[in-house]
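Undergrad: quick one, fold the following:
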Amino acid sequence: MRQFFSERIPSQGSEHSYRVVRADRSVRWVLDRTFPVYEHTGGFRRVVGIVRDVTEAKELEKELLSISEREQRRIGQDLHDDLCQQLAGIEFLSKALQQQLDGQPQALKAEEIARLIRSAIGYTRQLARGLSPMELEPEALMRGLRALAARTSEVFNVHCEFECPANVLVQDPSVSTHLYRIAQEALTNSIKHGQATRIKIVLSAGPEGAQLCINDNGKGLPGEGLGSSGMGLRIMRYRADMIGGSLTFGVNRPSGATVQCAFPLTA
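TA: Purely as a prediction, here's the structure:
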């Protein structure tokens, strides 16, 4: 809110969602719609706001997102534990068939089948890691982001690196998952929309909390990208809200964009 009031208030108004802590320590979510009011001469006069309690809607959104994460984790485990095992069995049979056909033209076909299945196993394991990336340890976020950078470089043929000057330990696995998904969505936007060739993921901690920052050298954000019209951007903002953080977007010079999520570190 300090950032909002330090800038020029849009003539069409604005909308913000944030938490309010009551005197009894209970937490409520509110939706704050703000409109500027002008004099008849055109000069700015005051700001009018309408605040509505949206706690129940926020709790429902949180539960839906939690269900989605659990379902993705289940699918990832099924891919790793079930499908990969079945593919490994088929690869073993293909190798056995290749040995039986040794010296015959069909042996090359059996070898090619085994190679393709081995490649499918590797891709399936990558999918499984993407669907269920977080572990329970405080170091899980650092490991997950490092693996995400390496996988992005390999799959999309871009230079993606992870930088963490000092250990950032996140105790809550759900916080780690939200931050990982924010980074994942930011990387997708950088490659798909920004057409970036170099991306850096930076995780750092300071006296007032920690920051996750994704920088790229792409085309930058379109005008509407700074708002919240896109579904991906709305989900990123919502994830930042859920962990008590804030999400900001910036444009780099001479090219590129920055997505930054500041969040608190709690023991």
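
Undergrad: pLDDT score for residue 12?
TA: Each residue has a pLDDT score; the one for residue 12 is 82.

Undergrad: switch to numbering from 11
TA: New numbering, starting at 11: the last item is residue 22.

Undergrad: that one: what secondary structure?
TA: Residue 22 falls in the coil class when you classify it by DSSP: H, G, I helix; E, B strand; the rest coil.

Undergrad: give me the neighbour count for it.
TA: Each residue near residue 22 was counted by other C-beta atoms under 10 Å, and the total is 7. Bear in mind the C-beta positions are built from the backbone N, C-alpha and C, glycine included.

Undergrad: one more: the one 10 residues further on?
TA: With neighbours defined by other C-beta under 10 Å, the count for residue 32 comes to 8.

Undergrad: just give the nearest non-adjacent residue to it, would you?
TA: For residue 32, ignoring the flanking residues on the chain, the nearest one in space by C-beta to C-beta, 6 or more residues apart in numbering is residue 38 at 6.6 Å.

Undergrad: so in terms of bridging, what pairs with that neighbour?
TA: Legend: beta-bridge partners of residue 38 under DSSP bridges are residue 30.

Undergrad: ok, now how distant is it from residue 28?
TA: From residue 38 across to residue 28, the span is 10 Å (C-beta to C-beta, to the nearest Å).

Undergrad: try residue 88
TA: Distance, residue 88 to residue 28, using C-beta to C-beta: 38 Å.

Undergrad: same question, residue 167
TA: Counting by C-beta to C-beta, the separation of residue 167 from residue 28 is 40 Å.

Undergrad: higher neighbour count, those two?
TA: Here residue 167 and residue 28 are compared on neighbour count by other C-beta under 10 Å; more neighbours surround residue 28, at 13 against 9.

Undergrad: a strand runs through that one, doesn't it?
TA: Yes: residue assignment for residue 28, taken from three-state DSSP, places it within a strand.
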